[in-house]
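Novice: Model the structure of this input:
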Amino acid sequence: MYFAWIGFYTLMLIPASIVGVGCFIYGAATFSSNIPANDICEKDGIGGEVMCPQCDVKCPYWYLYESCLYSKNTYLFDNPATVFFAIFMAAWASIFLELWQRQQSVLAWDWDVQNFEDEESVRPAYEVSATEVRIGHVTGEEFAKVPYWKSGLSKMLSFISLFFLLALVLASVFGVILYRVVIGIVLYTSDNDVLRYNSNLITSVTASLINLVVIVVMGKIYRVLAIWFTNLECPRTFTEYENSFTFKMFLFQFVNYYSSLVYVAFFKGRFYGYPAEMKYNIFNYRLEQCDPAGCMMELVIQLAIIMVGKQVLNNFMEIALPALKNCLARKFKRGDKENCELARWEQDYLLQPNPLLGFFNEYLEMVIQYGFVTLFVAAFPLAPLFALINNVMEIRIDAYKYTVAYRRPFHARAQDIGTWLPILRGVSILAVIFNALVIAYTSDFVQRLVHVYGYSENHSLDGYINNSLSVFATKDFPPDVAPDYNTITVNTELNATEFCRYRGYRYPAGDPNQYNVTLQHWHVLAAQLAFVVIFEHVVFFIAWLIAIIIPDVPRKVRKKMAREKLAKDVLYNAKLKDRKQERSNSETQSEIKSF
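Specialist: Down below sits the predicted model:
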């Protein structure tokens, strides 16, 4: 069932990849006409504005044009085609799941496994642990069962440990955030112009690589613990065992892989008020701010490194690790010379044993990838293309593993992909919410619309950058916040700057309401909330419509199932009639004998 599913999933990625590449090409084609990026890069215009320091004391004032490259690259992913692609991918996810259910029902019928789980036998480990005898409510027969107190205690211990490790994952994300803050300060204060101008890019790339290493290590550790906890729970059947283990692993890996992306997309820069405000900080370090062009590019970098890095690492490990273990097994267990004289089955025995849970690792890898393709696809339209390239290789790698690197697997029947289908549905629902929030809050799409239709005289993006930057008087800096130019060696000509600009919609210095949010701030917030509500309702309506139009079971299969049911009913009624006839004949003969 796994190879049928991944083949279908890979085929469905083709149209998504084509549309995603088209959206990226649109961004590249209209690259030079992006007014906000061009304004930022104009040194003699708004790009020459002095910006407030990115950190306290050690960071200098800087020019807006220093983020020119960053803002231009952001437009490749944050452009008008982003909204269309997000809606398209939401519809794609719904169509994919509905068509797969149809394909799954066809395969289940062809392989005669529609009711396999109803016929599944009890695990031997459960029979050993089942010390309590119960009476079945339906059959009235006795059956063994694990005591409630034992299974309940095991599940409670399992979930307590799970939440502890999830807290550990969040703590690691916090550590990466602290790293970003500290490294950002080091780069902002660097004498090297290249490091200083690209500080956001360098910080994002290095933090993403560190986060990838933490994700891989934490995943390996929790896998061992999840197997131990699932064995402790002692599920009744192998399907229940697999479902319990799958839930634990996916919940952990979901937080493990996506928590850093959620931080960059929805939390970074949200707690920054104005330069003199010290309301939120970490160990006396000011929280990170978004670039004047927004946080979208950082989200793209984080997503690309984690997604592509995970795929490359997994593919390498799937090829290299079994091959290395097999090589060592041949060398140290039998010796190369003796191994050539062994029978084929003896050589096969020296191969790696099959994984305990079969294709679980492969399913988990693909479902995590599905999350990358759908949850933040508004920020990275090339995600389906990278997923397609990876899957083409993944199918061949998995085939190599199970035919060359592993021992011959035992056959196992499956009527569907199990608990992975509801997980995919849950991820698809979250994807609608996440993409709506990414477009509304992470990108500048809504802010640009508010400016064009509410504050621009000619209904264009002219003046958008100037409108989105507020004015701060440097004399209002507290002594422990203002830049210390006795230690700063860059941009020293800006030491006497009286005003600096920062991202936000606040009243300028000298105004009676200085540094309080303006009415435009509330207009933008209302527009963002309205966009999220409208986007979600439109997409969920499309998904509901697709689910109605596409039935889960094809008409041809329904007809065959109806014929089979009819045949079974006819056979049952015929046998019942024969039994009644036999009973009637027996009673008649008994009456004759007694007479």
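
Novice: after the helix or strand encompassing residue 525, next one along is what?
Specialist: Using DSSP states H and E, residue 525 maps to helix 519-549. Note on helix 519-549: by DSSP H and E, the next helix or strand toward the C-terminus is helix 555-594.

Novice: Report the distance from that next one to the chain centre.
Specialist: 54 Å (C-alpha atoms, centre = their mean, to the nearest Å).

Novice: Am I right that residue 84 sits in a helix?
Specialist: Yes. Counting by DSSP: H, G, I helix; E, B strand; the rest coil, residue 84 falls inside a helix.

Novice: residues in contact with the residue nearest to the spatial centre of the chain?
Specialist: In the chain, the centroid-proximal residue (C-alpha atoms, centre = their mean) is residue 371; its distance is 3.4 Å. The contact partners of residue 371, by C-beta atoms under 8 Å, 6 or more residues apart in numbering, come to 254, 257-258, 427, 431. (Each C-beta comes from the backbone N, C-alpha and C, glycine too.)

Novice: Going by residue numbers, what spans are helices in the stretch 301-450 of the chain?
Specialist: In the stretch 301-450 of the chain, the helices defined using DSSP state H, counting those that start in this stretch lie at 336-339, 344-349, 360-375, 383-400, 420-437, 445-450.

Novice: The second one: how far from the chain's middle?
Specialist: Its chain's average C-alpha position is 40 Å from that of helix 344-349, according to C-alpha atoms, centre = their mean.

Novice: what's the average pLDDT for that helix?
Specialist: For helix 344-349, mean pLDDT rounds to 72.

Novice: Kindly report the same for the fourth one.
Specialist: Mean pLDDT, computed over helix 383-400, is 89.

Novice: who does it touch, helix- and strand-wise?
Specialist: Contacts defined by 3 or more C-beta pairs under 8 Å, 6 or more residues apart in numbering; DSSP states H and E place helix 383-400 against helix 2-29, helix 296-329, helix 360-375.

Novice: Is it possible to get CSV of those helices that adds mean pLDDT and distance to residue 530?
Specialist: Below are the helices and strands packed on helix 383-400 laid out as CSV (pLDDT from 0 to 100; distance: least, C-beta to C-beta, whole Å):
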stretch, mean pLDDT, distance to residue 530
helix 2-29, 90, 24
helix 296-329, 81, 20
helix 360-375, 88, 22
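
Novice: Could you say which of those helices is packed most deeply?
Specialist: Of the helices and strands packed on helix 383-400, the one with the most neighbours on average (mean count of other C-beta atoms under 10 Å) is helix 360-375, at a mean of 22.

Novice: could I have it exported to PDB, CA atoms only?
Specialist: In PDB, the C-alpha atoms belonging to helix 360-375 read as follows (Å, rounded to 0.1, in the frame of the first residue of the first chain):
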ATOM      1  CA  PHE A 360       6.500   3.500   9.200                       C
ATOM      2  CA  ASN A 361       9.600   5.500   8.700                       C
ATOM      3  CA  GLU A 362       8.800   6.000   5.000                       C
ATOM      4  CA  TYR A 363       5.200   7.100   5.800                       C
ATOM      5  CA  LEU A 364       6.400   9.500   8.500                       C
ATOM      6  CA  GLU A 365       9.000  11.100   6.200                       C
ATOM      7  CA  MET A 366       6.400  11.600   3.500                       C
ATOM      8  CA  VAL A 367       3.800  13.000   5.800                       C
ATOM      9  CA  ILE A 368       6.300  15.500   7.300                       C
ATOM     10  CA  GLN A 369       7.100  16.500   3.700                       C
ATOM     11  CA  TYR A 370       3.400  16.900   3.000                       C
ATOM     12  CA  GLY A 371       3.300  19.400   5.900                       C
ATOM     13  CA  PHE A 372       6.200  21.400   4.300                       C
ATOM     14  CA  VAL A 373       4.400  21.300   1.000                       C
ATOM     15  CA  THR A 374       1.000  22.600   2.400                       C
ATOM     16  CA  LEU A 375       1.500  24.400   5.700                       C
END
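
Novice: report the angle between the axes of it and helix 296-329?
Specialist: Relative orientation of helix 360-375 and helix 296-329, computed by axes from the mean of the first three to the mean of the last three C-alpha atoms, to 10 degrees: 170 degrees.

Novice: Now do helix 360-375: distance to the chain's middle.
Specialist: Here helix 360-375 is found 7 Å from its chain centre; the criterion is C-alpha atoms, centre = their mean.
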